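Peer 1: With the sequence up front, the predicted model follows.
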Amino acid sequence: MSLLDQIFMGFNVAFQPLNLLFCFIGVLMGTLVGVLPGLGPVASISLLLPVTFHMDPVSAIIMLSGIYYGAMYGGSTTSILVNIPGEAASVVTCIDGYKMARQGRAGPALGISAFGSFIAATFSTIVLMFMAPPLAKMALRFGPPEYFSLMVLGLTLLTYLSSGPMSKALLMAGVGLFLGTIGVDSLTGTTRFTFDIPVLMDGVGLVPVVMGIFGVGEVLQNLELAIKRDIHVTKISHLLPTHQDWIQSKGAITRGTLIGFFLGILPGGGAIIASFASYAIEKRCSKTPEKFGTGMIAGVAGPEAANNSAAVGAFIPLLTLGIPPNAVMAILMGALMIHGIQPGPMLISQHPNLFWGVVISMYVGNAMLLVLNLPLIGLWVRVLRVPYTILFPLILLFCLIGSYTMKNNVSDIFVMIIFGVIGYLMRKYRYDAPPLVLALVLGTMMEESLRRSLLISGGSPFIFFQRPISAVIILGAIFMLGSSLIPGLRKKREKIEKIISEGEDNEKVGKIKSIG
Amino acid sequence: MPFFSGLLICGFAGLTFLYAFFNKSNRVEKIWATVQFRRLIFSVIMLVLYAILLESIGFIMDSFFLILLLCRYSGSQQWGKSILCAALSSIISYLLFEIFLKAQLPKGVLGF
């Protein structure tokens, strides 16, 4: 089947009424999640996971993907209007976006953020479409050592880029790997760490763990503070950016798109890092860097393009290599596996309707977002008025239903509650959850790759250094670990960590300041 | 793999302990100072009770009481609002999961 035929097939799948509906629901939910502080895309995708259990897998992935890239759009609205990032990737948008709003230019800021996001996401989708099939073909040549090295690199990068001390992130990765070993050993059939508890025979499920840590954990953390939102929003007019705005933003959008895309592909990278990197580069490229932070439109256009581009780029390693580059993709991978689909190099050839349907739905979804976001800004701001005291019991109920309906087993609810309390404590003591989730998802695959590699080499661990691709990847991971000890790089990393954690605190407390 | 992950956990737990030991800030006191333990503990107990009672009293009843009590006592909403929220959310979620998505939610002794 030629590429053109496959694209037509994608259009055929994406334009089926049911898939259009799920795409719409996905981007709508995503925007809502992006708007609401204290409910990130990871938590909301895991909350909506149970809804997809009984759906067609293509529709399910279309909807879950829509939530992810929709959240990137929604996050910018509250960043610009009320200085509260709806999710962490929009933290940097507050800096210039909110200043623009204070100067009475909220409309152009929102407009350029929506158009920049649309351009970036469309570009990334086109690249994804052309890049994924050859990459998947290349990945077919990967053996167990290459896969193992790639997973090690992914985990190392994620821990390197996570907030807080790297030792804590690596500790979390270790815990995730350990949790992945619980249950029946896939090679020998022996049970490990089950202590004769029936629910542990199948291993610790991804859904209860994710729902516990991201859903219940987040609710418990928000509950400890009495959140009161007081919103005063300025009148928004002239959403369309002027010719001058476009001239000032076009370079930022182009650079943001490219940076975001490559950081999105990188295992461990993602939308948050992409938006920060884009802002730093815009400041460096600008002839007037001192004006950044006072309401520069390039400071809004670049990061917003970057986070949307990264959100699409992140699909490449998942769909071609079967390796999720971040926590959201780890959950999507879990969703695919629940539906009996193994992500990896064979996915495009075995399930072309899924791959092309999801890719084309991204075009459709991004167009829907552009249409949805601009006229509905007033509605999104009103959504912020929904009291958290009504929202949190509903989130908890969804978590409970999700854990139960996975296997119709009450024990999974107990697992979720336990991980909810653990997740809450992790937040309190600043232990990052994404390395744990990624390690839990990758654990079984990593173990199989490691064992197979050692079988090939007759027990010699040097196999990872003897095969060129594997050697390059594993040396990259070692370099990454080593570089965290270099004082200069360490200071830079700590600086980024500080900004991200300040932004996250701002997001969680939900203190909404007035405009004007 | 269990050995290596155990090694990772031990190694980095030790590092984290040393980091905390030599860090002189009083962070532990600060992070627990403003916490409203009553709401937290109540919510966790409600979740545990929900799990225990789910199969005996059924999804709708169990969910109704969970939302009602959480809204009323953890969320400090008025009784009327709490009852409305509990009734709507338990019925809508039942319709969504049981009827629309064909999930099998527990019926309980009352048969719904």
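Peer 2: Thanks, I have the structure now.

Peer 1: Please save the CA atoms from stretch A:372-387 in PDB.
Peer 2: This file holds the C-alpha atoms of stretch A:372-387, laid out as PDB (Å, rounded to 0.1, in the frame of the first residue of the first chain):
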ATOM      1  CA  LEU A 372     -13.000  25.700  20.000                       C
ATOM      2  CA  ASN A 373     -10.500  27.700  21.900                       C
ATOM      3  CA  LEU A 374     -10.900  31.200  20.600                       C
ATOM      4  CA  PRO A 375     -14.600  31.700  20.800                       C
ATOM      5  CA  LEU A 376     -15.000  29.700  24.000                       C
ATOM      6  CA  ILE A 377     -12.400  31.500  26.100                       C
ATOM      7  CA  GLY A 378     -15.100  33.100  28.200                       C
ATOM      8  CA  LEU A 379     -16.500  29.700  29.000                       C
ATOM      9  CA  TRP A 380     -13.100  28.300  30.000                       C
ATOM     10  CA  VAL A 381     -12.600  31.200  32.400                       C
ATOM     11  CA  ARG A 382     -16.100  30.500  33.900                       C
ATOM     12  CA  VAL A 383     -15.100  26.800  34.300                       C
ATOM     13  CA  LEU A 384     -12.500  28.000  36.800                       C
ATOM     14  CA  ARG A 385     -15.300  29.000  39.100                       C
ATOM     15  CA  VAL A 386     -16.400  25.400  39.600                       C
ATOM     16  CA  PRO A 387     -15.500  24.800  43.300                       C
END
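
Peer 1: what pLDDT, on average, does that stretch get?
Peer 2: Stretch A:372-387 carries an average pLDDT of 74.

Peer 1: Over to stretch A:345-356?
Peer 2: Computed over stretch A:345-356, the mean pLDDT rounds to 84.

Peer 1: Any chance you could list what contacts that stretch?
Peer 2: Stretch A:345-356 has contacts (CB atoms under 8 Å, 6 or more residues apart in numbering or on different chains) with A:1, A:6-7, A:9-10, A:13, A:57-58, A:61, A:132-133, A:136-137, A:139-140, A:142, A:319-322, A:341. (Glycine included, C-beta is placed from N, CA and C.)

Peer 1: ok, stretch A:429-449 near chain B or not?
Peer 2: Yes. Applying CB under 8 Å from any CB of the partner chain, one finds stretch A:429-449 touching chain B at A:429, A:443, A:446-447.

Peer 1: Where strands are concerned, which of these count?
Peer 2: When DSSP state E is applied, these are split such that none fall in strands.

Peer 1: would CSV of the residues you listed with distance to residue A:392 be doable?
Peer 2: Below are the residues of stretch A:429-449 next to chain B laid out as CSV (distance: CB to CB, whole Å):
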residue, distance to residue A:392
A:429, 22
A:443, 31
A:446, 36
A:447, 37
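
Peer 1: between those residues, which is closest to residue A:182?
Peer 2: residue A:443 (9.4 Å; CB to CB).

Peer 1: Excluding sequence neighbours, find me the nearest residue to the closest one.
Peer 2: Using CB to CB, 6 or more residues apart in numbering or on different chains and skipping the chain neighbours, the partner closest in space to residue A:443 is residue A:180 (2.2 Å).

Peer 1: ok, now residue A:201?
Peer 2: residue A:194 (5.7 Å).

Peer 1: Confirm for me that the one you found is in contact with residue A:183.
Peer 2: Yes. With contact defined as CB atoms under 8 Å, residue A:194 counts as touching residue A:183 (6.6 Å).

Peer 1: who's more crowded, those two?
Peer 2: Between residue A:194 and residue A:183, residue A:183 has the larger neighbour count (other CB atoms under 10 Å in any protein chain shown), namely 19 against 16.

Peer 1: Could I get the contacting residues of the residue nearest to that one when sequence neighbours are not counted?
Peer 2: Excluding its sequence neighbours, the residue lying closest to residue A:183 (CB to CB, 6+ apart) is residue A:203, at 3.1 Å. By CB under 8 Å, 6+ apart, the residues touching residue A:203 are A:180, A:182-184, A:444.

Peer 1: Check residue A:7 too.
Peer 2: A:129, A:356, A:360.

Peer 1: Kindly list the main-chain dihedrals of the first one?
Peer 2: Torsion angles at residue A:129 (phi, psi; degrees, to the nearest 10) stand at phi -60, psi -40.

Peer 1: Who are the contact partners of it?
Peer 2: Here residue A:129 is in contact with A:7, A:359 (criterion: CB under 8 Å, 6+ apart).

Peer 1: how about 10 Å then?
Peer 2: When contacts are counted by CB atoms under 10 Å, 6 or more residues apart in numbering or on different chains, residue A:129 is found next to A:3, A:6-7, A:10, A:355-356, A:359-360, A:362-363.

Peer 1: Any of those residues buried? List them.
Peer 2: By neighbour count, with 16 or more other CB atoms under 10 Å in any protein chain shown, those hold A:6, A:10, A:355-356, A:359-360, A:362-363 as buried.

Peer 1: What's the local residue count around residue A:247?
Peer 2: Neighbourhood size, residue A:247 [other CB under 10 Å]: 11.

Peer 1: Is it part of a helix or strand, or is it coil?
Peer 2: helix (DSSP: H, G, I helix; E, B strand; the rest coil).

Peer 1: In three-state terms, label the most centrally placed residue in chain A for me.
Peer 2: Closest residue to the average C-alpha location of chain A: residue A:328 at 4.0 Å, with CA atoms, centre = their mean. Under three-state DSSP, the three-state class of residue A:328 is helix.

Peer 1: Contact residues of the stretch 401-516 of chain A facing chain B?
Peer 2: Residues of the stretch 401-516 of chain A lying close to chain B (CB under 10 Å from any CB of the partner chain) are A:401-406, A:408, A:410-418, A:420-421, A:424, A:427-431, A:439, A:443-444, A:446-448, A:450-451.

Peer 1: Can you turn the buried part of the residues you listed into a ChimeraX selection?
Peer 2: Filtering those down to the buried ones (16+ other CB under 10 Å) takes a single ChimeraX command:
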select /A:401,402,403,404,405,406,410,411,412,413,414,415,416,417,418,420,421,424,427,428,431,439,443,444,446,447,448,450,451
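
Peer 1: Which residues are in contact with each of residue A:194 and residue A:183?
Peer 2: Counting by CB under 10 Å, 6+ apart, the residues touching both residue A:194 and residue A:183 are A:200-203.

Peer 1: okay, the residues you listed in JSON lines with secondary structure, distance to residue A:260 and pLDDT next?
Peer 2: Formatted as JSON lines, the shared contacts of residue A:194 and residue A:183 follow (DSSP: H, G, I helix; E, B strand; the rest coil; distance: CB to CB, whole Å; pLDDT from 0 to 100):
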{"residue": "A:200", "secondary structure": "helix", "distance to residue A:260": "40", "pLDDT": "84"}
{"residue": "A:201", "secondary structure": "coil", "distance to residue A:260": "42", "pLDDT": "84"}
{"residue": "A:202", "secondary structure": "coil", "distance to residue A:260": "38", "pLDDT": "82"}
{"residue": "A:203", "secondary structure": "coil", "distance to residue A:260": "35", "pLDDT": "84"}
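
Peer 1: Can you point out the helix or strand that includes the closest residue to residue B:47 other than its chain neighbours?
Peer 2: Spatial nearest neighbour of residue B:47, excluding adjacent residues (CB to CB, 6+ apart): residue A:417 at 5.0 Å. Per DSSP states H and E, residue A:417 falls inside helix A:410-428.

Peer 1: and the residue lying farthest from the centre of chain A, what pLDDT?
Peer 2: Largest separation from the mean C-alpha position in chain A: residue A:458, at 38.5 Å (CA atoms, centre = their mean). In this model, residue A:458 is scored at 87, pLDDT.

Peer 1: same thing with residue A:503?
Peer 2: Value for residue A:503, per-residue pLDDT: 52.

Peer 1: Strands of the stretch 151-300 of chain A, residue ranges please.
Peer 2: A:183-184, A:191-192 (DSSP state E, counting those that start in this stretch).

Peer 1: In the stretch 251-400 of chain A, which residue sits nearest chain B?
Peer 2: Going by CB to the nearest CB, chain B is nearest to residue A:389 of the stretch 251-400 of chain A, at 3.1 Å.
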